[in-house]
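**Student:** how would this look folded up:
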Amino acid sequence: MPTLPSFVEIILGILVLFGGGELFVAGAVALSLLLGIPQLVIGLTVVSLGTSAPELFVSLISTLQGDADLAVSNVVGSNIFNILVVLGASAAIVPLRVRSRLVRRDVPLLLGISMAVWGMASGGRLTWQAGVALLFAMVANLVWEIRTASEDSEDDDNEAERATPLVAALKLAAGLALLVLGSQLLVRGATTAAVALGVSQTVIGLTIVAAGTSMPELVTSVVAAYRGKADLAIGNVVGSNLLNQVVILGLCAVVSGGKGLAVDPVMISRDLPIMVASTLACLPIFWSNGVISRLEGWLLLGLYGLYLVEQVLAAVAGGEIVDNTYRFVVLVAVLPLLMVFLVWQVLRWRQQRKLLAVQGGE
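**Tutor:** The predicted model follows:
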């Protein structure tokens, strides 16, 4: 059975994470005002890089210790968690307004990188050459972000009091330190509890460790959404998912050397496709109405619930038949309903736009 200290670590980790999230969001907003950079760009770069620190730490240490499965499953699981839970929870709190550049540029780029990672991993390992390619993509994207930052300066909220550079830097540093500390406490406590309950290491990597290392993203985006900073909330998710792949998987693949970064066959056939599909689902959700509604937020959270059930069924001894039946039901019943909902959302949005155009012409 889980020990009392493990539950204490979980609770303490959550409290530390919320404190760090408040500081980190405040520092990021102050930085965007000081530099005159849109909050969306700050969310896609500075904030997402900071909140991806736990994933980087866990995956690199796992790779150096020869545990490639945990390194890859941490990134893939974190990306799925970020889209379905972080974005879903943020939208469930308050509808999130989506900038057009996310649909034009950032989500298609993330989708392309995700498909490329799936393709490169399909041979059973990520080679060091693939790692170099991913790191090069990271540098190219960063240069692109900097060069196009001024194009997205519209409508940023400048009502907040401007802080000094030192105060903004201290808030960012203190917030990041608390986020990393809180995530480590949460992962350690949750992993200890899971092992005590007999949960397998694979499930721990894809769910508990992935969710734990994504807690900075969750807390930062939820706090940002609550504070009315939708650009930070969405940019943090999209930027973190991109950096998780180009930076973390890229570095881990390079560090692994000639042997490459081994990828579990189950990850290739199940979890990587789910990561790509969840990214693809962002396009119609972001596009329709230009807002992620509360209903869509709860829908994303429900999809992650289905994913968790599948993980548990797959890990249960002798549960293969039940797992296959569950997958069949999801494919036949749930996914078609999801497709109908997304198509309906897009068609309704287009109809509203046509109606507004007609009214405007009159």
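**Student:** show me what contacts the closest residue to Gly124 other than its chain neighbours?
**Tutor:** Excluding the flanking residues, the one nearest Gly124 by C-beta to C-beta, 6 or more residues apart in numbering is Val263, at 5.9 Å. To be clear about C-beta, it is placed using only N, CA and C from the backbone, and glycine gets the same treatment. Going by C-beta atoms under 8 Å, 6 or more residues apart in numbering, Val263 touches Ala68, Val72, Ala121, Gly124, Arg125, Leu126.
**Student:** so the third one makes contact with Leu272?
**Tutor:** The reference is to Ala121. Yes. Using C-beta atoms under 8 Å, Ala121 makes contact with Leu272 at a distance of 6.4 Å.
**Student:** Tell me the buried residues in the helix or strand where Ile10 lies?
**Tutor:** When secondary structure is defined by DSSP states H and E, Ile10 falls within helix 4-35. Buried residues in helix 4-35, counted by 16 or more other C-beta atoms under 10 Å: 6, 9-10, 12-13, 16-33.
**Student:** do stretch 122-138 as well
**Tutor:** Within stretch 122-138, the residues that qualify as buried by neighbour count (16+ other C-beta under 10 Å) are Arg125, Leu126, Thr127, Trp128, Ala130, Gly131, Ala133, Leu134, Leu135, Ala137, Met138.
**Student:** try stretch 113-123
**Tutor:** By neighbour count on 16+ other C-beta under 10 Å, the buried set for stretch 113-123 is Ile113, Ser114, Met115, Ala116, Val117, Trp118, Met120, Ala121.
**Student:** Closest one of those to Gly235?
**Tutor:** For Gly235, the nearest member of the buried residues of stretch 113-123 is Ile113. The distance, counting by C-beta to C-beta, is 15.9 Å.
**Student:** Isn't that closest one up against Val247?
**Tutor:** No. Look at Ile113 against Val247 with C-beta under 8 Å: they stay out of range, at 11.1 Å.
**Student:** any shared contact partners between the two?
**Tutor:** Contacts common to Ile113 and Val247, judged by C-beta under 8 Å, 6+ apart, are Leu134.
**Student:** which residues of the stretch 151-300 of the chain fall in strands?
**Tutor:** Applying DSSP state E, counting those that start in this stretch to the stretch 151-300 of the chain gives strands spanning 261-262, 291-292.
**Student:** Of all the ones you listed, which one comes closest to Arg99?
**Tutor:** With C-beta to C-beta as the yardstick, what comes closest out of these is strand 291-292 (11.1 Å).
**Student:** Which strands or helices does the closest one pack on?
**Tutor:** strand 96-97 (3 or more C-beta pairs under 8 Å, 6 or more residues apart in numbering; DSSP states H and E).
**Student:** Sheet-wise, list the partners of the strand it packs on with their directions.
**Tutor:** strand 291-292 (antiparallel) (DSSP bridges).
**Student:** on that earlier part again, can you tell me which of the buried residues of stretch 113-123 lies nearest to Thr279?
**Tutor:** Distance to Thr279 across the buried residues of stretch 113-123 (C-beta to C-beta) is lowest for Ser114, with 5.1 Å.
**Student:** Now for Val332, how many residues are close by?
**Tutor:** 9 (other C-beta atoms under 10 Å).
**Student:** I'd like to know how far it sits from Thr325.
**Tutor:** Using C-beta to C-beta, to the nearest Å, Val332 is found at 11 Å from Thr325.
**Student:** Now do the closest residue to Leu31 other than its chain neighbours, the pLDDT please.
**Tutor:** Nearest-residue entry for Leu31: Ala168, 4.8 Å, with adjacent residues in sequence omitted and distances by C-beta to C-beta, 6+ apart. pLDDT recorded at Ala168 is 82.
**Student:** picking up where we left off before, Leu178 is nearest to which of the strands of the stretch 151-300 of the chain?
**Tutor:** Ranking those by their distance to Leu178 (criterion: C-beta to C-beta) puts strand 291-292 first, at 27.2 Å.
**Student:** Format the strands of the stretch 151-300 of the chain as CSV; extra columns: distance to Ala210 and mean pLDDT.
**Tutor:** As requested, the strands of the stretch 151-300 of the chain are exported to CSV (distance: least, C-beta to C-beta, whole Å; pLDDT from 0 to 100):
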stretch, distance to Ala210, mean pLDDT
strand 261-262, 17, 86
strand 291-292, 22, 80
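**Student:** Quick one: closest of those to Ser100.
**Tutor:** Closest to Ser100 of those is strand 291-292 (C-beta to C-beta; 12.1 Å).
**Student:** Quick check, central residue of the chain?
**Tutor:** Asn82 (2.7 Å; C-alpha atoms, centre = their mean).
**Student:** residues touching that residue, list them.
**Tutor:** Going by C-beta under 8 Å, 6+ apart, the list of residues near Asn82 reads Ser214, Glu217, Val237, Ser240, Asn241, Asn244.
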